[in-house]
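Engineer: Below are the sequence and a predicted model for it; my questions follow.
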Number of protein chains: 2
Amino acid sequence: MLSYTEENYLKAIFKISEKEKKSASTNSLARHLDTTPASVTDMLKRLAEKEMIHYERYKGVTLTAEGNRIATSLIRRHRLWEVFLVEKLRFDWEHVHDLAEELEHIYSEELISRLDAFLNYPKFDPHGDSIPNAEGKFTIRNQMPLSDLMTGQSCQVLGVKEHSNAFLRYLNQIKVKPGTQIKIEERIEFDASLRVLIDQKERSTISDSVAQSLLVKRI
Amino acid sequence: MLSYTEENYLKAIFKISEKEKKSASTNSLARHLDTTPASVTDMLKRLAEKEMIHYERYKGVTLTAEGNRIATSLIRRHRLWEVFLVEKLRFDWEHVHDLAEELEHIYSEELISRLDAFLNYPKFDPHGDSIPNAEGKFTIRNQMPLSDLMTGQSCQVLGVKEHSNAFLRYLNQIKVKPGTQIKIEERIEFDASLRVLIDQKERSTISDSVAQSLLVKRI
DNA sequence: CAAAAAATTTAGATTAGTTTAAATTTATTT
DNA sequence: AAATAAATTTAAACTAATCTAAATTTTTTG
């Protein structure tokens, strides 16, 4: 059995390796987990001892098969709870992360499989992230950043690349969430910002940095 | 903020004081929390320091107003989660206690008030125990042990006094749960056991000790 | 009411996770 | 390739929660 903290390390290693396509460094883990590099080193030794990670001094870490299994299960639990919080308890999407962060640590196969069934086996969470199934398999779908579309094209929002509260709150403000339709009416050359029509009703200007963080599919 | 463990102590003190109608002793707490009296003493000092309990060496403990507020909130959360697990996720009642024991420690007013609304503001949990409302008020209802009824009388099961898995599993076996109707057909003088008719269908013999642990209302 | 038993507390040690500061290793730059 | 900077690890110490064993206090009983 791993502790709450150990589990969080595995998840962080998973996410960093996934994003940066290479082994996770001590510093990146410290930043991610809001702790000191010294604490990270300490914990890495413990996790290596438990055969959850491959660790060589000064070389960064990767997950073992078992470590990967556990991290994936945590992500599955986290995302299922997020679906529950948004769809059943009607939370706004910017409020669910911290709660799911706690709920995910409650370990019970039975609980998660029943929750999954109750929610009707969702494949994506409220932020559009893929929910691994009980076997740990992620569903992949075609998606691209809004910034890749041409003027005149329309799309449907699938999710977000950036998960900060500030960003999610901003999307709420301009009434954008998964499912929303966006048509690109004009691209401003100067700063690559976009004039868009949202759900065929509201017009808005979206900065390039926002457009890069919005994942969509063309329609 | 209290730790997970500190919260469990407050809940144990609440339950023991309630059941025994007096201050909780070090030994009873050790028994209840499956730990040693030495650890209990240690923790009691910490909780007294935090003004959660009134504690005098060798004299046992009671909760302060604040300690009582927190314990009541924990019980509220525990019982609401039990309702969720049984009614929404379709768990059997003997399986929900341990899960609720973990879920209750997730602190968020918002989460609990939304869960309460989602469940339609239940007043009692699946074992028939009263769920305190947001103000900490418990709903009281008339109930008596099945053993108090006379031969020939009928009743409806409201809940159980005893929460052990073995007892709950036995009740499942004889198809008894909250809502079940029971008619007392005969009382055996020798051991005070009861011949009963369950939901007008199945006949069964119930020992006196079981009858004392079943809470009912006459109909 | 003194002796024995039961309950409780103290003392000292242990474990998981953390911290700060110093030392070491690796990477970068001239 | 030496000097400097950045990243990482080690060392030593701290906190919360726990334990065992010994000491103390309270309660019970002959």
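Structural biologist: Received it, and whenever you're ready, just let me know what you need. Residues are numbered from 1 along each chain as shown, chains lettered A, B, ... in the order given.
Engineer: wait, residue A:122 sits on residue A:131?
Structural biologist: Yes. Contact criterion CB atoms under 8 Å: residue A:122 and residue A:131 qualify, at 5.9 Å. Backbone N, C-alpha and C define where each C-beta goes, glycine included.
Engineer: roughly how far apart are the residue sitting nearest the centre point of chain A and DNA strand C?
Structural biologist: For chain A, residue A:129 is the residue whose C-alpha lies nearest the centre (CA atoms, centre = their mean; 5.3 Å). Using CB to the nearest atom of the strand, to the nearest Å, one obtains 25 Å as the distance from residue A:129 to DNA strand C.
Engineer: which residues sit in contact with that residue?
Structural biologist: By CB atoms under 8 Å, 6 or more residues apart in numbering or on different chains, residue A:129 lies in contact with A:79, A:159.
Engineer: Skipping adjacent residues, who's closest to residue A:187 in space?
Structural biologist: In space, and not counting its chain neighbours, residue A:187 is closest to residue A:151: 5.2 Å by CB to CB, 6 or more residues apart in numbering or on different chains.
Engineer: What's the local residue count around the one you found?
Structural biologist: 11 (other CB atoms under 10 Å in any protein chain shown).
Engineer: and what of residue A:24?
Structural biologist: The number of residues near residue A:24, taken as other CB under 10 Å, comes to 25.
Engineer: Which residue, other than its chain neighbours, is closest to it?
Structural biologist: Closest to residue A:24 by CB to CB, 6+ apart is residue A:16, at 4.0 Å.
Engineer: Do I have it right that the one you found meets residue A:32?
Structural biologist: Yes. With contacts defined as CB under 8 Å, residue A:16 counts as touching residue A:32 at a distance of 6.2 Å.
Engineer: rewinding a little: helix or strand: which one has the residue nearest to residue A:24?
Structural biologist: helix A:4-20 (DSSP states H and E).
Engineer: Following element in sequence after that helix, please.
Structural biologist: helix A:26-33.
Engineer: do that next one and DNA strand D meet?
Structural biologist: Yes. Helix A:26-33 lies within reach of DNA strand D by CB under 7 Å from any atom of the strand, at A:26, A:27, A:28.
Engineer: Near the closest residue in space to the last one that isn't next to it in sequence, how many other residues are there?
Structural biologist: The spatially closest residue to residue A:28, leaving aside those adjacent along the chain, is residue A:16, at 5.3 Å (CB to CB, 6+ apart). The burial metric for residue A:16, expressed as a neighbour count using other CB under 10 Å, is 20.
Engineer: With residue A:77 instead?
Structural biologist: Residue A:77 has 23 nearby residues by other CB under 10 Å.
Engineer: what's the closest non-adjacent residue to it?
Structural biologist: residue A:104 (4.1 Å).
Engineer: same deal with residue A:78?
Structural biologist: residue A:104 (4.1 Å).
Engineer: Give me the pLDDT for residue A:21.
Structural biologist: pLDDT for residue A:21: 69.
Engineer: try residue A:57
Structural biologist: 87.
Engineer: cool, and residue A:209?
Structural biologist: 93.
Engineer: Just the element for it, please.
Structural biologist: Residue-wise, residue A:209 maps onto helix A:208-213 under DSSP H and E.
Engineer: now residue A:39
Structural biologist: helix A:37-49.
Engineer: Report the distance from the helix holding residue A:209 to the chain centre.
Structural biologist: Chain-centre distance of helix A:208-213: 16 Å, with CA atoms, centre = their mean, to the nearest Å.
Engineer: Render the CA-only coordinates of the following helix or strand past it in CSV, please.
Structural biologist: Sequence order places strand A:214-218 as the next helix or strand after helix A:208-213, per DSSP H and E. C-alpha atoms of strand A:214-218 as CSV (Å, rounded to 0.1, in the frame of the first residue of the first chain):
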residue,chain,number,x,y,z
LEU,A,214,-8.4,25.3,-26.6
LEU,A,215,-8.7,21.8,-28.1
VAL,A,216,-11.4,21.4,-30.8
LYS,A,217,-12.6,19.3,-33.7
ARG,A,218,-13.6,20.7,-37.1
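Engineer: Can you report how many residues neighbour the residue nearest to residue A:78?
Structural biologist: When neighbours are defined as other CB under 10 Å, residue A:104 has 23 of them.
Engineer: try residue A:134
Structural biologist: Neighbour number of residue A:134 under other CB under 10 Å is 12.
Engineer: What separation is there between it and residue A:115?
Structural biologist: Between residue A:134 and residue A:115 the distance, using CB to CB, to the nearest Å, works out to 11 Å.
Engineer: ditto for residue A:169
Structural biologist: From residue A:169 to residue A:115 the distance is 27 Å (CB to CB).
Engineer: Got the phi and psi for the residue nearest to residue A:77?
Structural biologist: phi -60, psi -20 (degrees, to the nearest 10).
Engineer: Then the one 5 residues further on?
Structural biologist: When quoted as degrees, to the nearest 10, the phi and psi of residue A:109 stand at phi -50, psi -50.
Engineer: likewise residue A:79?
Structural biologist: phi -70, psi -30.
Engineer: Could you find the closest non-adjacent residue to it?
Structural biologist: residue A:125 (3.8 Å).
Engineer: So the one you found sits against residue A:77, correct?
Structural biologist: No. Using CB under 8 Å as the test, residue A:125 is too far from residue A:77 to be in contact (11.1 Å).
Engineer: Now do the helix holding residue A:16: everything it contacts.
Structural biologist: Helix A:4-20 is touched from outside by A:2, A:23-25, A:28-29, A:32-33, A:40, A:43-44, A:46-47, A:50, A:52-53, A:61-63, A:67-68, A:70-72, A:74-75, A:105, with contacts defined as CB under 8 Å, 6+ apart.
Engineer: Please apply the same query to stretch A:154-174.
Structural biologist: By CB under 8 Å, 6+ apart, stretch A:154-174 touches A:92-94, A:97, A:124, A:127-129, A:141, A:143, A:145-146, A:149, A:176-184, A:198, A:202, A:204, A:206, A:210, A:212-219.
Engineer: buried subset of those?
Structural biologist: For the contacts of stretch A:154-174, a burial check counting by 16 or more other CB atoms under 10 Å in any protein chain shown picks out A:93-94, A:97, A:124, A:127-129, A:143, A:146, A:149, A:176-178, A:180-184, A:198, A:206, A:210, A:213-216.
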